[in-house]
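1. sequence and predicted structure, then a few things I'm wondering about:
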Amino acid sequence: MESFSSEIHQGLQHMSESVFVGLCEIVGTSQLVAIRRDTEDINEMVENRLITNDNLIRMMSGSRREGFRLKGSDIDTMYWPNDHRVIMDMSQAEYYNTANTALILSDSSESPPGFTLLQLLKPTTTDAPTTTDMFVYLARVRMKNRVYISSSFYRQIACLLGHDNATVHGPCGSANVGGIEHDSAFCFVCDFWPPSASSWIDRCHSWPDPEVVDDIVRNGCHFVAIGHPFGPHENEEWRVSFSLAEYKLVYSMNHCQFLTYGLLKLFLKEVLNQQSEETNELLCSYHMKTTLFWAIQQNTLPHWCPQNLLAGFWVCFKLLLKWVYKGICPNFFIPQNNMFLTKVHGSAQNRLFLQLHELYKKGLACLLQSSSIRSYIIDVLYNPRLSICTDESMIRSEVDYDVELATGIFVYNCDHLAKGNICGFTKAIHTLEELVHTPLSHYQVVTLQYLTAFALESTAFVLHNMYTNTVNKQMYIADKQSCHMLKLAAKFGCVSDMLYIAMYYYKTLRYREALSFIEMTKVKLAQPYLMYRRRVNRERYTEAVGGQSWSTKIRQAVAQDIKLDTRICYISELIPEQKRTVLRYTAFLQIPVFVMLHFLQFLCYRHIDTALSLAALDELQVLVHHDQGMYVRDTSRDISWEILGICQQITGNLQAALYSYQQSLGQYPFHKIHTATQRRIQGIVRSTQHQYTEDLPLD
């Protein structure tokens, strides 16, 4: 009997190892997760160092911040005003300068656990009120002879700050941008740990480590704009948010614990939420995360390792089953806050429990219902002697890590680096220089390298624009400095960064010099080992740059889209698009590198060789008309069609230009350039009408 039990135990461990390997492929190895976290962390670090008192502070939260990149996941972002602070009691007011900081008092005396009213003590006294000041003013309500901020009013008003067509979803403004759901929560920050969560500190004996606890408590909490449905003041109440604490807790997990979290997410999506329409919205990912937090802290499983992964999953599933049976899901930080209170009760609770219990009776075989995990279990069931290697270095290749790193560093718009002026960029470069000398991971150093290249390129154009109409000597000195910065950026930037030099030379009428850099870029972009937008020939890439430093790889084999800060004039042909007014969530034009290459080639050859100019236009036309997403993504099609139309209009082919502009209007409006497009169309229509009038025969 003992021998039989031992075989079952070994079989379970073997199956756990197989699922561990599968989750490393689906969710990521610890190195892939570290890349995602480190690149986001360093971007936030730079952003926070450059923030001014009247700015909104941004923090990515949710699953992406934790290190997940699961298909269909939302992008969750929190924003809060830097000049507003919530305090827990009046004694904390002494820590703030009320001349430039608006204080808000948390009043939870009448609210359910985890919720509070926010009393506005004193607004900022500045002569120039910020957007937040105005939103707070509009969201004020008077109760008990005091002024409070209404969460429902604030949430609806703040939705205007987010993406176009955003709708209220929980405490967030939710919008679909390029096929991805973006949830933006506009909230308030508190630098103090809430008294209602003090018991959490006392519980942290085994997990997390004391330094993690100290860091979490020192960073306080947030208040998001949603009240408790059963509270006495639902429309006025705010919920205490521990998003910052939660991602720090997830960071402190070992990789097996993190993959267990990933397995719980997949189990929720592919199994639990597929049981019936009546129960598919009762549980959410936050409940899964909460079960894991409790399971780890209660030390239910002594060793979280690949061999015990399924045992860890089962501990969490049993805890969830127990909670559903009791109708109580205690918040990890404020256990008195029952997160099942509003949905999991009555007949819905009974139906959900019966469904979970049926899955429980199947044991770990219930995971066979997961389309993502099924094959990793079946492989072991069919072949118990199957050799499984849990060494993460054997699961993913060098190319995988390079693709993840390139994606991580290029995904950011860098709009936090400056406000389009020389002082802002000077401060940004100085900040980046300071950060280089702080303790950083390799991935964070690489990210700083990219940010520095972008800052230098932007500064070069700002500097030139400042001295365009000055005396020759000043222009000459500025030009030398701009050229030096652009070439320096190209030395540690990627392949496509050379196009910024070409843009500068075109802007300064040095067309042959511009074409020289365009041709060099064209040769590099044509290499079979090029990595662009997660696409790469792995074999050729490894042959060409495998084993080399990232600096060499990025300079020789990696390209990205061209980002143009709308506050800086790069080339005059795109000024109308850069001056568009209907844009809130990005201050950049993101132009596909191959579109920009042909565009610049066309512009330069116009002044040298008409035939070659038309040939470049033909290449651009073929690309824009026939690309199936390989070189021009859906979110870039509006600006790509626009650029094609601009080129056609320059050559005098107004009919083709009109068609291209109309196509631009029909694309997903990522860049919000439709105002500029409509004006270009109107210009063509007026010119053709004028031409028609001139051609009419005289009586």
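-> Received the coordinates, thanks.
2. please report how far the residue nearest to Thr521 when sequence neighbours are not counted lies from Val523.
-> Spatially, and ignoring its direct neighbours in sequence, Thr521 is nearest to Met498 (4.6 Å; C-beta to C-beta, 6 or more residues apart in numbering). C-beta: built from backbone N, CA, C; applies to glycine. Here the distance between Met498 and Val523 works out to 10 Å (C-beta to C-beta, to the nearest Å).
3. higher neighbour count, the two?
-> Using other C-beta atoms under 10 Å, the more surrounded residue of Met498 and Val523 is Met498, with 26 against 10.
4. need the pLDDT of that one.
-> For Met498, the pLDDT comes out at 97.
5. please shift the residue numbers so they start at 51 in all later answers.
-> Fine by me, first position is 51 from now on; the one you just mentioned is Met548.
6. mind checking which helix or strand it is in?
-> With elements taken from DSSP states H and E, the one containing Met548 is helix 548-557.
7. I'd like the distance from that helix to the chain centre, please.
-> With C-alpha atoms, centre = their mean, to the nearest Å as the basis, helix 548-557 stands 29 Å off its chain's centre.
8. low-confidence regions, the chain specifically.
-> Scanning the chain for pLDDT under 70 picks out 51-59, 173-178, 212, 463, 465, 468-470, 630-636, 740-749.
9. bridging residues for the residue nearest the centre of the chain?
-> With distances taken as C-alpha atoms, centre = their mean, Ile125 lies nearest the centre of the chain, 5.9 Å away. Bridge pairing for Ile125 (DSSP bridges) gives the partners His232.
10. residues in contact with it?
-> Each residue near Ile125 by C-beta atoms under 8 Å, 6 or more residues apart in numbering is listed here: 110, 112, 114, 230-233.
11. check Arg656 too.
-> Applying C-beta under 8 Å, 6+ apart, the residues contacting Arg656 are 663, 700.
12. same check on Phe383?
-> When contacts are counted by C-beta under 8 Å, 6+ apart, Phe383 touches 247, 250, 290, 292, 295.
13. I'd like to know which of those residues are part of helices.
-> The helices, defined by DSSP state H, take in 250, 295 from those.
14. among the contacts of Phe383, which pair sits farthest apart?
-> By the measure C-beta to C-beta, Trp250 and Val290 form the most distant pair in the contacts of Phe383, at 11.7 Å.
15. export only the CA atoms of the helix holding Met548, formatted as CSV.
-> Provided in CSV are the C-alpha atoms of helix 548-557 (Å, rounded to 0.1, in the frame of the first residue of the first chain):
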residue,chain,number,x,y,z
MET,A,548,19.4,56.6,-38.1
LEU,A,549,16.2,57.9,-39.7
TYR,A,550,16.1,60.7,-37.2
ILE,A,551,19.5,61.8,-38.6
ALA,A,552,18.0,61.6,-42.1
MET,A,553,15.0,63.7,-41.0
TYR,A,554,17.3,66.3,-39.6
TYR,A,555,19.4,66.5,-42.7
TYR,A,556,16.2,66.8,-44.8
LYS,A,557,14.9,69.5,-42.5
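16. which helices and strands does the helix or strand harbouring Val495 pack with?
-> Val495 is part of helix 492-516, with elements assigned from DSSP H and E. Identification of packing neighbours for helix 492-516 by 3 or more C-beta pairs under 8 Å, 6 or more residues apart in numbering; DSSP states H and E yields helix 80-100, helix 448-460, helix 472-486, helix 522-542, helix 548-557, helix 600-607.
17. could you check how far the residue nearest to Leu417 when sequence neighbours are not counted is from Gln717?
-> Distances taken as C-beta to C-beta, 6+ apart place Ile423 nearest to Leu417, at 5.2 Å, with adjacent residues excluded. In this view, Ile423 and Gln717 are 38 Å apart by C-beta to C-beta.
18. what about Thr558, distance to Met535?
-> Per C-beta to C-beta, Thr558 is found 14 Å from Met535.
19. and those two? Which one has more around it.
-> Applying other C-beta under 10 Å to Thr558 and Met535 shows that Met535 carries more neighbours, namely 23 against 16.
20. I'd assumed Phe511 was in contact with that one.
-> No - with contact defined as C-beta atoms under 8 Å, Met535 does not reach Phe511; the gap is 9.5 Å.
21. who are the contact partners of the closest residue in space to Phe236 that isn't next to it in sequence?
-> In space, and not counting its chain neighbours, Phe236 is closest to Ala208: 3.6 Å by C-beta to C-beta, 6+ apart. Going by C-beta under 8 Å, 6+ apart, Ala208 touches 185, 223, 236, 275.
22. again, only this time at 7 Å
-> 185, 223, 236 (C-beta atoms under 7 Å, 6 or more residues apart in numbering).
23. can you turn the buried part of the residues you listed into a ChimeraX selection?
-> Typed into ChimeraX, the line below selects the buried ones among the contacts of Ala208, using 16 or more other C-beta atoms under 10 Å:
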select :185,223,236
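24. dump the contacts of Ala208 into TSV; add distance to Thr616 as well.
-> Shown next, in TSV, are the contacts of Ala208 (distance: C-beta to C-beta, whole Å):
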residue	distance to Thr616
Phe185	24
Gly223	23
Phe236	23
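25. secondary structure class for the residue lying closest to Gln307 once chain neighbours are set aside?
-> Nearest residue to Gln307 in three dimensions, chain neighbours excluded: Trp354, at 4.8 Å (C-beta to C-beta, 6+ apart). When classified by DSSP: H, G, I helix; E, B strand; the rest coil, Trp354 comes out as coil.
26. is it true that Trp354 touches Phe308?
-> No - counting by C-beta atoms under 7 Å, Trp354 does not reach Phe308; the two are 9.5 Å apart.
27. looking at those two, which has the bigger crowd around it?
-> Using other C-beta under 10 Å as the criterion, Trp354 and Phe308 rank with Phe308 on top: 23 against 20.
28. OK, contacts around that one?
-> Phe308 is in contact with 83, 300, counting by C-beta under 7 Å, 6+ apart.
29. ok, Arg114 next?
-> Taking C-beta under 7 Å, 6+ apart, we find Arg114 in contact with 123, 125-126.
30. can you list those in CSV and add distance to Ile641?
-> What follows is the contacts of Arg114, written out as CSV (distance: C-beta to C-beta, whole Å):
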residue, distance to Ile641
Ser123, 27
Ile125, 22
Asp126, 28
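31. among those, which one sits closest to Lys530?
-> Lowest distance from Lys530 to the contacts of Arg114 (C-beta to C-beta) belongs to Ile125, with 42.0 Å.
32. from Arg108, how far off is the closest one?
-> Ile125 is 12 Å from Arg108, where distance means C-beta to C-beta.
33. again, but for Ser663
-> For Ser663 relative to Arg108 (C-beta to C-beta), the value is 43 Å.
34. cool, Leu501 as well?
-> From Leu501 across to Arg108, the span is 15 Å (C-beta to C-beta).
35. out of these two, which sits in the busier spot?
-> Under the criterion of other C-beta under 10 Å, the comparison of Leu501 against Arg108 puts Leu501 first, with 23 against 16.
36. just send the contacts of Phe383 back as CSV, with neighbour count and distance to Gln325 too.
-> CSV is the format used below for the contacts of Phe383 (neighbours: other C-beta atoms under 10 Å; distance: C-beta to C-beta, whole Å):
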residue, neighbour count, distance to Gln325
Ala247, 22, 33
Trp250, 21, 33
Val290, 24, 32
Phe292, 23, 29
Ala295, 24, 32
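37. reformat the contacts of Phe383 as JSON lines; add distance to His487.
-> Shown next, in JSON lines, are the contacts of Phe383 (distance: C-beta to C-beta, whole Å):
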{"residue": "Ala247", "distance to His487": "36"}
{"residue": "Trp250", "distance to His487": "36"}
{"residue": "Val290", "distance to His487": "37"}
{"residue": "Phe292", "distance to His487": "33"}
{"residue": "Ala295", "distance to His487": "29"}
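38. buried residues, stretch 92-109. List them.
-> Under the neighbour-count criterion of 16+ other C-beta under 10 Å, stretch 92-109 has 92-97, 100, 104-106, 108-109 buried.
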